[in-house]
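Visitor: Next come a sequence and a model predicted from it.
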Amino acid sequence: MPIGLYIHFPFCKSKCPYCDFYSLCGKNDLIDRYCDAVIDRLKAFSDIRFDTVYFGGGTPSVIGADKLSKIAEHITSDNPDITEFTVECNPSSITDGFFDILREAGVNRISMGMQSAVDRERKKLGRSASSDTVYNHIQGAKRAGIDNISLDLMLGIPYQTLDTLKTSVEFCSQVGASHISAYLLKIEEGTPFYSKKDTLALPDEDYCCDLYLEAVSQLKKHGFLQYEISNFAKDNRVSHHNLKYWNCDEYIGIGPSAHSFFNGKRFFCDRDINAFLNGASPVDDGDGGDFAEYAMLRLRLCEGITEVGTYERFSHSIPTIMYENAKHIPKNLICVKNDGISLTCEGFLLSNQIIGELLNNV
Ligand code: SF4
């Protein structure tokens, strides 16, 4: 069975004040060595077939189209069956001809870090490109023949209101996006946002819940149907690569901070570019893929955990204890049927707690 391939590009033009991803600024002198190291690392997996590829970061577009396409061609030449090849882009680092070169190299999906179509909100997040720039780049991608376009939306941005959220969703629809990832802003320790969190004018928790439910409703109105806690697709153009994570399927991750799940084992690369460049081995992260882990990931999906899927994978039914646990959870938060269990939209707001309760004593 072909599996997923993720490659992490840990370079950014500047650091967004909320970001705790592994990404470096002012280290562009390492880019050439990094690309060589990625190609070298790929050789170790030459007997594995990939059908989805995702270049994430950091900001892959900072690397430049020529270097990205060199790596992409290395992958596609060994893997003729790739169905989905995504590259994350930041609107402020896209140069002329960028999308044409990527399309030529086999890329067929773009994920654009827009966060908001309201320039004031984008500025607060440290994003310099205007919504006009985002619009123009999306048209450029389409002209190059890449029409599967995902946009990131952030919820809970300082000063965000239900109205400005509506503006962002309308923009996504007008510009012809096929997929939306809508994430609640998380204030991570160690980030600039964390140190000034009390003065940021952040919406409170209740308002963030309202923003999430409004996003689900507005996106639905524009034809983006929810299929995962934070992900929405038009015309069923779901992210097949990310579905591998939520289906507990296998994938290889290359680059500092990238995680892998292969042959029942989880492992990851340290958050250290020098260790990666010097050929450090991945760190063992234990066994993966047991029923509890599978259920935990599947319950992020609107489809939830099903009897058919569980039987196919583990040759047993969903444990009775899960149905027993479900009886103690309010009915508006979960949906229990003969063929499985799923969380409702309101339930997704409390997903960690509910999934923990459902899996109690499993
Ligand atoms: S562009 Fe993305 S990875 Fe880079 S600093 Fe901003 S949020 Fe982090």
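Guide: It's in.

Visitor: Against which helices or strands is whichever helix in the chain runs longest packed?
Guide: Scanning the chain for the helix with the most residues, using DSSP state H, yields helix 205-221. Counting contacts by 3 or more C-beta pairs under 8 Å, 6 or more residues apart in numbering; DSSP states H and E, helix 205-221 is packed against strand 148-155, helix 162-174, strand 179-184, strand 225-228, strand 231-233, helix 345-348. Where C-beta positions appear, they are placed from N, C-alpha and C, glycine not excepted.

Visitor: hmm, who's touching that helix?
Guide: The contact list for helix 205-221, computed with C-beta atoms under 8 Å, 6 or more residues apart in numbering, reads 153, 155-156, 160, 162, 165-166, 169, 172, 180, 182, 184, 203, 225-226, 232, 345-346, 348-349.

Visitor: which parts of that helix are buried?
Guide: For helix 205-221, a neighbour-count test (16 or more other C-beta atoms under 10 Å) marks 208-212, 214-216, 218-219 as buried.

Visitor: Output it in PDB with nothing but the alpha carbons.
Guide: Only the C-alpha atoms of helix 205-221 are listed here, as PDB (Å, rounded to 0.1, in the frame of the first residue of the first chain):
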ATOM      1  CA  GLU A 205     -13.400  31.500  25.400                       C
ATOM      2  CA  ASP A 206     -17.200  31.800  24.900                       C
ATOM      3  CA  TYR A 207     -16.700  34.200  22.000                       C
ATOM      4  CA  CYS A 208     -14.100  31.800  20.400                       C
ATOM      5  CA  CYS A 209     -16.800  29.000  20.600                       C
ATOM      6  CA  ASP A 210     -19.200  31.400  18.800                       C
ATOM      7  CA  LEU A 211     -16.600  32.100  16.200                       C
ATOM      8  CA  TYR A 212     -16.000  28.400  15.600                       C
ATOM      9  CA  LEU A 213     -19.700  27.600  15.300                       C
ATOM     10  CA  GLU A 214     -20.200  30.600  13.000                       C
ATOM     11  CA  ALA A 215     -17.300  29.400  10.900                       C
ATOM     12  CA  VAL A 216     -18.900  26.000  10.500                       C
ATOM     13  CA  SER A 217     -22.200  27.600   9.600                       C
ATOM     14  CA  GLN A 218     -20.900  30.200   7.200                       C
ATOM     15  CA  LEU A 219     -18.600  27.700   5.500                       C
ATOM     16  CA  LYS A 220     -21.500  25.300   5.000                       C
ATOM     17  CA  LYS A 221     -23.600  28.100   3.500                       C
END
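
Visitor: what separates it from the chain centre, distance-wise?
Guide: 19 Å (C-alpha atoms, centre = their mean, to the nearest Å).

Visitor: Which one, of the helices and strands packed on helix 205-221, ends up nearest to the ligand?
Guide: strand 148-155 (9.1 Å; C-beta to the nearest ligand atom).
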